[in-house]
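Asker: what would the 3D arrangement of this be:
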Amino acid sequence: MSGSQIFIAIGKTAAEIAVEFTPVPGLQPAVGLLCKIIQLCENVSINRCLEQIQVKMEKWAELGFIKSFFKQDSIKEDIQGCLVLISDCFTKFQFVGTIETNRWQEDFEKTYREDQKGILAHLSDIKNGQAMALEVSHEPENKRVRFMASMQNELGQHNTRGDIVHSGLSSNLYQIQLECKEILPDLHLKRGEVERIGVFPLKGEGAMDIYEGLYLKREKVAIKTVRASNFNPKSIKRFSREVKVWTELWKVDRGRHILPFYGFCVEDGPYPYMVSPWKSNGTAIEYVTKFDSAINYPELIINIARGIQVLHHMKPPIVHGDLKADNIVIDEMGNPLIADFGLSQIIEEITGVPFSQSRMTNSWRWSAPEVIIDGAPPSLAVDIYAFAMTVLEIYTHKQPFSNIKAPGKVLVELSNGTCPPRPTEAQVLQRGMDDNTWDLMTKCWSSDASSRPNIDAIINTLGVSKVL
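Answerer: Model prediction:
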C-alpha cells in the first residue's frame with residue numbers, strides 16, 4: 001500500500017477501507033492494522049464528544065426543580081448544542097444520515113413540549129407547594145419575582161371555572177407568596193387570582209361597596225368596588241399609576257403599619273375593584289368597642305401615628321385623604337393598619353364627582369375647615385387634622401361632634417372653626433385621654449393649616465405622654 005493510497009484512505013471509515021483493499025493480495029495485514037488505527041481515532045473523537053455531553057448532563061442532573069426551572073432556557077440551548085455535536089460527529093464518520101438527524105431534532109422538540117407539560121404539572125400539584133415555596137424563598141429577589149410571574153402568567157392560560165391546574169397553581173403561588181413575604185409581580189388581577197363570594201355586598205358607603213372574596217383559593221379578602229359611571233381607559237391608567245405607589249409602599253412597610261394592597265381588577269363585572277386582606281378584628285372602632293377593657297389605647301394611638309408617618313415619609317409623600325377609624329383595620333395581633341390611603345383621589349377620578357361631594361356627610365366630621373370652606377384638596381395638614389379627630393373617636397367610641405346629630409349643624413361648626421368639646425367621662429380618662437394628649441389634639445385642629453404639628457412631632461409628643 002503506497003503512501004498516496006494511505007493518504008487517500010484517510011477520511012474514510014474503517015469499513016470502507018476494508019472493502020476497498022482486502023481483495024488485494026498481501027495487503028490484508030496492513031489493511032487490518034490501518035482499520036484498527038482509524039477505528040481508534042474515530043472512537044477518540046466520539047468519546048470526546050460523549051464525554052462533553054456527559055459532563056453537561058451530570059451538571060443538569062444535580063440541579064433541583066427550582067434551579068432547573070430558572071435554567072431551562074440555557075439547558076434547552078445546551079441540549080440543542082449537544083445534538084449538533086452528535087450529529088456532526090456521526091455524519092462525519094457516516095454513522096447516520098440526514099434523515100436520522102432530522103428525526104432526532106423532531107424527537108427533541110416533542111420531548112421539550114412534554115417537559116413543559118411536566119413542569120406545569122409539578123407547579124400545579126398542591127403536594128409540592130410547601131417544598132417549592134421553601135426552595136424559592138432561598139433564591140435572590142429577582143429570581144423569586146420571576147418565578148412568581150411565570151406562575152401568575154400560567155394562571156391566565158387556565159382561567160376557566162373548575163380548572164384543576166388553575167386551582168393548584170393558585171394555591172401553590174399563594175404558598176410561595178406567603179413564604180417569600182412578597183406581593184404578586186402583576187397587581188392587575190385579570191387571571192382569576194380573585195373570586196367574589198356572594199352576590200350582595202357586605203357593606204356599602206358613599207361610592208363604594210365591599211364584598212367578600214377569595215384570593216388565590218386560600219385567603220379571605222375584601223373586594224372594594226367603586227360604583228363608577230365615568231370609568232374609561234383613562235381610569236385604568238390611573239390604577240396603573242397607583243400600582244407603582246402601592247408597590248413602593250409595600251417595599252418600605254411590608255404590612256407592618258399599612259394594610260397591604262393585593263391588586264385591582266377592571267374585567268370582573270361592570271365596576272372596577274381593589275383587593276386587600278380581610279381582617280377579622282374589623283375596623284378600629286369595631287375593635288375598641290368589642291375589646292374595650294383589654295386595649296392599650298395610648299399604644300394603639302401611637303401605632304396609628306406610625307402608619308401615617310410611613311405615608312408622609314414616602315417620596316413624594318402620600319396623603320391619605322380620608323382618615324378615620326373606619327379606614328383603619330386591626331390585624332390578628334391587635335395592631336392597627338392604615339387602609340384606603342389615596343382612595344379619595346381615585347374615587348374622584350373614576351366617578352367624575354369631587355370626593356367632598358361623593359362622601360358628603362360620611363366624612364364631614366373628620367374634615368379640616370379648609371376642605372369644607374374652600375374645597376382645598378387633601379394635604380398632609382388635612383391628614384393631621386383628621387388624625388386628631390380619629391384619636392377622639394377611638395377614645396370616646398363616638399364620632400366627632402357626637403353631641404350634634406344633624407350633619408348640617410356639624411358643617412356650620414366646622415366652618416366657624418369650632419373644635420369638639422373635651423370629653424369628661426370617667427371611662428374616657430381611664431382609657432388614657434390625658435392633658436398632654438388633649439393639648440396635642442387641639443394643636444392639630446388649628447384653623448391655620450401651617451400651624452399644625454407634623455407627624456414626627458406628634459409621635460414624639462405621644463411617646464412622652466406614654467412614658468408619663
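Asker: quick one: contacts for the closest residue to I258 other than its chain neighbours?
Answerer: Excluding its sequence neighbours, the residue lying closest to I258 (CB to CB, 6 or more residues apart in numbering) is I338, at 5.1 Å. No exception for glycine: its C-beta is placed from N, CA and C like everyone else's. Contacts here follow CB atoms under 8 Å, 6 or more residues apart in numbering; on that basis I338 touches 257-259, 304, 307-308, 310-311, 320, 323, 327-328.
Asker: how does it look with 6 Å?
Answerer: The neighbourhood of I338, defined by CB atoms under 6 Å, 6 or more residues apart in numbering, consists of 258, 307, 328.
Asker: which ones among these lie within helices?
Answerer: G307 (DSSP state H).
Asker: including pLDDT, could the contacts of I338 go into JSON lines?
Answerer: Putting these into JSON lines (pLDDT from 0 to 100) gives the following:
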{"residue": "I258", "pLDDT": "97"}
{"residue": "G307", "pLDDT": "98"}
{"residue": "I328", "pLDDT": "97"}
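Asker: just for the stretch 101-250 of the chain, where's the confidence low?
Answerer: Counting by pLDDT under 70, the stretch 101-250 of the chain shows low-confidence ranges at 101-109, 111-112, 206, 228-232.
Asker: all strands for it, in order.
Answerer: Taking DSSP state E, counting those that start in this stretch to define them, one finds strands in the stretch 101-250 of the chain at 194-197, 203-205, 208-215, 219-226.
Asker: how close does the residue nearest to I258 sit to G282?
Answerer: In this view, I338 and G282 are 15 Å apart by CB to CB, to the nearest Å.
Asker: same thing with G375?
Answerer: Counting by CB to CB, the gap from G375 to G282 is 32 Å.
Asker: and for P316, the neighbour number?
Answerer: Other residues near P316 number 6, with proximity taken as other CB atoms under 10 Å.
Asker: does G417 touch S447 like I think?
Answerer: Yes. Under the criterion of CB atoms under 6 Å, G417 lies in contact with S447, with a separation of 4.3 Å.
Asker: spit out the residues that contact those two alike.
Answerer: Any residue near both G417 and S447 by CB under 6 Å, 6+ apart counts here, and that gives P369.
Asker: more neighbours: which of these two?
Answerer: Under the criterion of other CB under 10 Å, the comparison of G417 against S447 puts S447 first, with 16 against 12.
Asker: what residues does the more buried one make contact with?
Answerer: Under the criterion of CB under 6 Å, 6+ apart, the contact partners of S447 comprise 369, 417.
Asker: so where does it fall, helix or strand?
Answerer: No secondary structure element spans S447, as it lies outside all helices and strands (assigned by DSSP states H and E).
Asker: now mean neighbour count and distance to T247 too, for the strands of the stretch 101-250 of the chain, in JSON lines please.
Answerer: Output for the strands of the stretch 101-250 of the chain, formatted as JSON lines (neighbours: other CB atoms under 10 Å; distance: least, CB to CB, whole Å):
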{"stretch": "strand 194-197", "mean neighbour count": "17", "distance to T247": "18"}
{"stretch": "strand 203-205", "mean neighbour count": "13", "distance to T247": "27"}
{"stretch": "strand 208-215", "mean neighbour count": "20", "distance to T247": "17"}
{"stretch": "strand 219-226", "mean neighbour count": "20", "distance to T247": "18"}
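Asker: circling back: G375 and G282 - which one has more neighbours?
Answerer: G282 (14 against 10).
Asker: now the phi/psi pair for the more buried one, please.
Answerer: In terms of degrees, to the nearest 10, the main-chain angles of G282 are phi 80, psi -160.
Asker: any idea how far it is from P400?
Answerer: In this structure, G282 and P400 are separated by 20 Å, where distance is defined by CB to CB.
Asker: do the same with A222
Answerer: Using CB to CB, we find A222 at a distance of 25 Å from P400.
Asker: do F264 as well
Answerer: Taken as CB to CB, the span from F264 to P400 is 31 Å.
Asker: residues contacting stretch 303-310, please?
Answerer: 253, 257-258, 336, 338, 455, 458-459.
Asker: taking the residues you listed together, which two end up most distant?
Answerer: D253 and I458 (18.3 Å; CB to CB).
Asker: pull up the per-residue confidence for P277.
Answerer: Confidence per residue is given as pLDDT, and for P277 that number is 96.
Asker: cool, T283 as well?
Answerer: For T283, the pLDDT comes out at 96.
Asker: give me every residue that touches it.
Answerer: Listed by CB under 6 Å, 6+ apart, the contact set of T283 reads 326, 329.
Asker: need the helices for the stretch 251-400 of the chain, in chain order.
Answerer: Secondary structure of the stretch 251-400 of the chain (DSSP state H, counting those that start in this stretch): helices located at 284-290, 297-312, 343-351, 355-359, 369-374, 380-396.
Asker: nearest to E179 among those would be which one?
Answerer: Shortest distance between E179 and those, using CB to CB, is found for helix 297-312: 24.3 Å.
Asker: buried residues, the closest one. List them.
Answerer: Taking 16 or more other CB atoms under 10 Å as the basis for neighbour counts, the residues of helix 297-312 that come out buried are 297-298, 300-308, 310-312.
Asker: could you check the angle it makes with helix 380-396?
Answerer: Using axes from the mean of the first three to the mean of the last three CA atoms, to 10 degrees, the direction of helix 297-312 lies 160 degrees away from that of helix 380-396.
Asker: distance check, P270 against E205.
Answerer: From P270 across to E205, the span is 19 Å (CB to CB).
Asker: same thing with G213?
Answerer: Counting by CB to CB - G213 and E205 are separated by 18 Å.
Asker: same question, D115
Answerer: Relative to E205, and taking CB to CB, D115 is found at 52 Å.
Asker: repeat that for S280.
Answerer: In this view, S280 and E205 are 20 Å apart by CB to CB.
Asker: any idea how far apart the tips of stretch 288-300 sit?
Answerer: The distance separating the two terminal residues of stretch 288-300, taken as CA to CA, to the nearest Å, comes to 10 Å.
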